[in-house]
Each structure stands twice: as C-alpha cells, then as structure tokens.
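Undergrad: Predicted structure and sequence below. I'll ask about it afterward.
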Amino acid sequence: MNYFWSTPGDNFKYHIEKQACWKNKQSINKGKSFTKKTWENISLIRKGDVIFFASAEQIRAIGVAKEDGGDAYGPQDVKQPYKLGWGVGIDIYELAPRWNYLPFINLLIKKFEEEFTPPITHNSIALCHDYMLGIPKELGQLIQVQMDYETQKWIESKLLVNLPNSQGQSTVTSTKPGGSTTSTVQSRVGQHGFREALIKFWGSCPVTGVKEKGLLKASHIVPWAKSTDEEKTDPYNGILLSPNIDLLFDKGLISFKDNGDLLVGLNASKTLLKQMGIPTKCQVTFTPQHIEYLKRHRSVNNL
C-alpha cells in the first residue's frame, strides 16, 4: 500500500461527485503546452492505495483507490484541448472537522524530503502546490494514525475490500537447488493467538490507557523478521500499543528502559511525541521475560 498527497483546489467538488481523480496529460498556459511529473503519478496508483486531499493547510478528505490508475478520458466540461489524461476511481471520506497538518508536517518533512515522488525541498509549502505527490510510506502511516476513530475505521473497511490478498494470503517465490518454486502461504501463522494473548495480558495500551481493542496493535518487541519461530508467538515478545505508539516503536524511534520509562531516540523528539498525543513521561511494568526482548529492541535500534 502506498500513499499520495493531492491538492485538487477548485476541482475538489468533481472528486466528490465522481468519486475519482483525473488530470490531463498536457495542459495549456499562455499558448504553450506543459505537463508535470506529479500528474503522471495517478498512473502509479494501485488498488488499495491511500490519498490525502489537502487545501489551506488542512486535510479535508481521505481517499482509497478502488482500482489501478491509468489512461482515462476527462469529463465533458474540461476546458483543455487535451482530453486524454490519467484517472483512477476512489472512495472518498470527508473529514469533519478538517485536520490542520502544518505543525505536524513541519516536524517531519526534513527527514523525508528525498523520499517524495518527485523529491521536494525542505519547505512544507511545496505540499500545497502538487496535484498528486507520492509521499513516503512511513510518513503516510504517521499521518493516518493521527485521524480520529471513525476515520480510521472507514479506512480499515475500505482496505479490507480493496487491498490485494486481504485474507492474509501472500505469494512467495523461493529459489532452491534444482529450480524455482512458487507457493501460496498463510502469512504470520499464529498471529491471531498472539494478539489474543496480548489483549489478555495487557488489557489496554500501557502508555495511553486506550482500551478500544479494534484500534490497538499487537506489537512485537523483537521484530517478526528477526524472531525465531518460537519468539514470533511468545506473548512476552509483545506489547499492546495504540497505533501511533506502535508505529514509532516498530520503526525504532522509541523504546522502553528496563524500569518501564519511555526512551526517545535521536531521530524523534519530545515535540513530535506531543504532536502525536504521546505522553513523554510514563512507566510501564515489564516482566523479566519482557526485559530480555527489550534489550534486543534497544540494541537493534541503537537506543
């Protein structure tokens, strides 16, 4: 799943009515034709990708693509000689109230500026002028977890319908002596039991106190990819976390000391945590088994 940033301006009404994005491949200005790289990004959108619609320093709506982007003819009222463009069908959810993104983005944009498609300079105003900017997946996830409960539930419902392999299946191609074998495997076997064990042990997020099970994440302390088969389903290798904390913990931006104090890495800041609604002072009670996993989490992430 990828993320995109759109500033449709006066065309936002069209997006709502048609539940679609469209941009001509070429436009005319003062008698000269021109195009922009970000317009072509519509053709890169795939079913299940998330699009943030912004204007006036606010995110006003979120869209989830219900098909792959590609060549498409524009609406009849397009006042351009070039009718062939790029288009994609989307489901759109309007935010009420709209979310003021500027303070949050200003804290993060320098970290991600080279990962945009195309890259941008360290200037958040650039986000206000591109119709369909590809944004880094990590930043997209950070923005998404800032949304309120109803918005997140809507996104989740659309992703379950539109994301490929939504039933947890993934195609794995492995090369072995004598040839290549492709098989379909069930991803993360035992994950459901792991999550249920964390819910039973923790009951809520130990940092925020959030108890809504539908929002809480069963977060591995030692990442799944670095765990043995036994460790992958060991409840002591997990913490039940709110989505925003889970994301920072998973990326190694924060961790916990043996005594349960929150540990903030050099690539994060207390200002960022405040913007994300994360308390900087907390004390989580860990068992000796948890602490052994936490030592590895801190070591892997240089914390």
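TA: Received the coordinates, thanks. Numbering: from 1, shown residues only.

Undergrad: What segments of the stretch 151-300 of the chain are helices?
TA: Secondary structure of the stretch 151-300 of the chain, counting by DSSP state H, counting those that start in this stretch: helices at 191-202, 229-232, 243-250, 270-275, 288-300.

Undergrad: Out of these, which one sits most buried?
TA: For those, average neighbour numbers computed from mean count of other Cβ atoms under 10 Å are highest in helix 243-250, which has a mean of 22. All C-beta spots, glycine's among them, are computed from the backbone N, C-alpha and C.

Undergrad: counting contacts, what elements does that one pack onto?
TA: Under the contact definition 3 or more Cβ pairs under 8 Å, 6 or more residues apart in numbering; DSSP states H and E, helix 243-250 sits against helix 137-144, strand 217-220, strand 254-256.

Undergrad: tell me the most buried of the ones you listed?
TA: When the helices and strands packed on helix 243-250 are compared using mean count of other Cβ under 10 Å, strand 254-256 is most buried, at a mean of 23.

Undergrad: Sheet-wise, list the partners of it with their directions.
TA: For strand 254-256, the paired strands and their directions (DSSP bridges) read strand 262-264 (antiparallel).

Undergrad: how about the strand it pairs with: buried residues?
TA: Under the neighbour-count criterion of 16 or more other Cβ atoms under 10 Å, strand 262-264 has 262, 264 buried.

Undergrad: again, but for stretch 57-77
TA: In terms of neighbour count (16+ other Cβ under 10 Å), stretch 57-77 has its buried residues at 57, 59-66, 69, 72, 74.

Undergrad: Reformat the residues you listed as a markdown table; add secondary structure and distance to residue 21.
TA: Written out in a markdown table, the entries for these read as follows (DSSP: H, G, I helix; E, B strand; the rest coil; distance: Cβ to Cβ, whole Å):
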| residue | secondary structure | distance to residue 21 |
| --- | --- | --- |
| 57 | coil | 21 |
| 59 | strand | 16 |
| 60 | strand | 14 |
| 61 | strand | 11 |
| 62 | strand | 13 |
| 63 | strand | 7 |
| 64 | strand | 12 |
| 65 | strand | 9 |
| 66 | coil | 11 |
| 69 | coil | 8 |
| 72 | strand | 9 |
| 74 | coil | 11 |
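
Undergrad: Pull the number of nearby residues for residue 47.
TA: By the criterion of other Cβ atoms under 10 Å, residue 47 has 18 neighbours.

Undergrad: Provide the secondary structure category for it.
TA: Taking DSSP: H, G, I helix; E, B strand; the rest coil as the rule, one finds residue 47 in the coil state.

Undergrad: Would you mind measuring from it to residue 39?
TA: In this structure, residue 47 and residue 39 are separated by 20 Å, where distance is defined by Cβ to Cβ, to the nearest Å.

Undergrad: Same question for residue 45.
TA: 12 Å.

Undergrad: quick one: which of these two has more around it?
TA: For residue 45 versus residue 39, the count of surrounding residues by other Cβ under 10 Å is larger for residue 45: 26 against 19.

Undergrad: quick one, what contacts that one?
TA: Applying Cβ atoms under 8 Å, 6 or more residues apart in numbering, we find residue 45 in contact with 2, 4, 21, 51, 65, 68-69, 88, 132.
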